[in-house]
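Q: Okay, here's the prediction I keep looking at, along with the sequence it came from:
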Amino acid sequence: MRTTIRIDDELLRTLKEQARKEDTPLTRLLDRTLRAGIRASPKLSARNRRHRERSYAMGPPRIKLDKALALAAALEDEEIVRKVLGRK
């Protein structure tokens, strides 16, 4: 299948150089390299420990949470006004 991908310039130079050394088409080298990466992927993830996010008590809220949306809207309005006034 034909597709377009974006590859870092330095990486592409390295791949082309490797393909020249092996006297193989770049497409075949890319296929082989990608397959090897995919096969190696589960092995790498199995070694990694599971990440666990820690939670911390932050104390009681300092604002009324039932008014949070109104507060967010007011802060957003203030920011819009600040940006508009800054353009003049």
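A: Nice, thanks for sending it over. Numbering: from 1, shown residues only.
Q: Please identify the buried residues of the lengthiest helix in the chain?
A: Longest helix of the chain, by residue count under DSSP state H: helix 26-47. Residues of helix 26-47 classed as buried by neighbour count (16 or more other Cβ atoms under 10 Å): residue 29. Using the backbone N, CA and C atoms, a C-beta is placed for each residue, glycine as well.
Q: elements contacting that helix?
A: Judged by 3 or more Cβ pairs under 8 Å, 6 or more residues apart in numbering; DSSP states H and E, helix 26-47 is in contact with helix 9-22.
Q: quick one: the closest residue to residue 26 other than its chain neighbours from residue 85, how far?
A: Nearest non-adjacent residue to residue 26, counting by Cβ to Cβ, 6 or more residues apart in numbering: residue 19, 4.7 Å away. Per Cβ to Cβ, to the nearest Å, residue 19 is found 58 Å from residue 85.
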